[in-house]
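Engineer: Everything below, folded, please.
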Amino acid sequence: MINVTAAIIEKNGLILAARKRKGLHLAGCWEFPGGKLEQGETPEECLQRELEEEFSICCEIGSFLGESIYSYDDKVIRLLGYHATHTCGSFQLTDHDKIRWLSTDELDTLQWAPADIPLMLKVRNKAITEKNLLFYQLNGDSYIKKTMHLDMEEIRARFISLIPAYGHILDLGCGSGRDSRAFLAHGFKITATDASAKIAAITGKFLGQQVRIEKAQKLCAREKYDGIWASASLLHIPVSEIESTFNAISTALKPEGIWYMSFKKGAGERWDEHGRFFSDYSIQTLRRLLNKSDRVEIVDIYEKTAAGSYGDECWLNVFLKKSGRKREQDWTDYRRR
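Structural biologist: Below is the predicted model of the structure:
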């Protein structure tokens, strides 16, 4: 395995991408600049050297972003990504024929070298999360008022009927705390979480218990909950992170545990008029995603028009059950529908 470094260079809120010139490996592909780690070098030293050699620039190397391992035809690359800030020097191109400074929203519009794609998505997805959290930081009070009294009684009743009495429920992305309060009234033990610190603070006071600040993608419990309630709380997660999030949720469920989630009906990723990012799905797309796992069984999946925080919308409602094995006949039945 060859260790290679990559610099995610930021300047004035934009990210640098560089295109490999004709005649070189991966010619025409865009990448985060960097190079092969030499013996005795730290990744930071490697990046400083490579950026000076390839671009005649100086950069301050910051925190570690993550790694990407990719097998090309003749070699396996372990790409180590680091945040960096351009401090001085004018760009002189040697191994590249073009550079572009891109907003995070534009990153996925280029043809990236395969090994760079996971790093690009990390940068993009982090920015998406930060923008959504900013919305709820600025609009948390009004959002809670809009959603506090939405009618979820029918769906909650069905969920409750499938959970053992006095069981432990994770309200994943609890929002206003509307549903957590209802579960508490039925005698369930509730763990409530939300990605927004503003929402968590307000809802914690409403519930009279702590609301943990936690992103669904970072859930790390193992077979802890009898039920997981994720009502309209996974719809801000980028498509590239949804499968790993589903795996984390199923891991957190006890065997035979019940999981409810909902999404807005649609196709693909979008930004709404309020500046929020959404990943929308069809029933067919959700089935394909869920069929990849042998850890959950689809109990029911259906669409229904219902009130949302900004008016009536078509929602997809999904009930799942944790299983130790896949029931092939169930999956076949659902594929035929």
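Engineer: Scan the protein for its longest helix.
Structural biologist: Counting by DSSP state H, the longest helix found in the chain is helix 117-147.
Engineer: Just after that one, pick out the following helix or strand.
Structural biologist: helix 153-161 (DSSP states H and E).
Engineer: after that next one comes which helix or strand?
Structural biologist: Criterion used, DSSP H and E; the element after helix 153-161 is strand 168-172.
Engineer: Within its local environment, how many residues does the residue nearest to A127 when sequence neighbours are not counted see?
Structural biologist: Nearest non-adjacent residue to A127, counting by C-beta to C-beta, 6 or more residues apart in numbering: T104, 3.6 Å away. No exception for glycine: its C-beta is placed from N, CA and C like everyone else's. Residues lying near T104 (other C-beta atoms under 10 Å) number 19.
Engineer: can you give me the helices for the stretch 1-150 of the chain?
Structural biologist: 43-55, 117-147 (DSSP state H, counting those that start in this stretch).
Engineer: Buried residues in the longest helix of the chain, which are they?
Structural biologist: For helix 117-147, a neighbour-count test (16 or more other C-beta atoms under 10 Å) marks 117-125, 127-129, 131-133, 135-136, 139-140, 143-144, 146-147 as buried.
Engineer: Equivalent analysis for stretch 229-246, please.
Structural biologist: 229-238, 240-242, 245-246.
Engineer: Spatially, which two of these are the most separated?
Structural biologist: For those, the farthest-apart pair by C-beta to C-beta is W229 and S240; their separation is 24.4 Å.
Engineer: Residues touching stretch 2-11, excluding its own?
Structural biologist: 15-16, 31-37, 43, 46-47, 50-51, 59, 61, 65, 75-86, 101, 115-116, 119, 123 (C-beta atoms under 8 Å, 6 or more residues apart in numbering).
Engineer: Please apply the same query to stretch 159-173.
Structural biologist: Contacts of stretch 159-173 (C-beta under 8 Å, 6+ apart): 177, 179-180, 183, 186-195, 216, 219, 221, 224-234, 249, 252, 258, 260, 299, 319, 321.
Engineer: Quick one: buried ones out of the residues you listed?
Structural biologist: By 16+ other C-beta under 10 Å, the contacts of stretch 159-173 give 177, 179-180, 183, 188, 190-195, 216, 219, 224-234, 249, 252, 258, 260, 319, 321 as buried.
Engineer: Select from these every entry located in helices.
Structural biologist: D179, S180, F183, I249, A252.
Engineer: shouldn't the fourth one be in contact with K218?
Structural biologist: No - applying C-beta atoms under 8 Å as the test, I249 and K218 come out as separate, 11.5 Å apart.
Engineer: mean confidence for stretch 101-108?
Structural biologist: On average, the pLDDT along stretch 101-108 is 95.
Engineer: tell me which residues in it are buried?
Structural biologist: L102, T104, L107.
Engineer: taking those residues one by one, which sit in strands?
Structural biologist: L102 (DSSP state E).
Engineer: hang on, S240 packs against N125?
Structural biologist: Yes - at 6.6 Å, S240 counts as touching N125 under the criterion of C-beta under 8 Å.
Engineer: so can I have JSON lines of the ones in helices among the buried ones among the contacts of stretch 159-173 showing pLDDT and distance to F277?
Structural biologist: Below are these laid out as JSON lines (pLDDT from 0 to 100; distance: C-beta to C-beta, whole Å):
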{"residue": "D179", "pLDDT": "98", "distance to F277": "23"}
{"residue": "S180", "pLDDT": "98", "distance to F277": "25"}
{"residue": "F183", "pLDDT": "98", "distance to F277": "28"}
{"residue": "I249", "pLDDT": "97", "distance to F277": "20"}
{"residue": "A252", "pLDDT": "97", "distance to F277": "24"}
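Engineer: Name the nearest of those relative to G268.
Structural biologist: I249 (21.7 Å).
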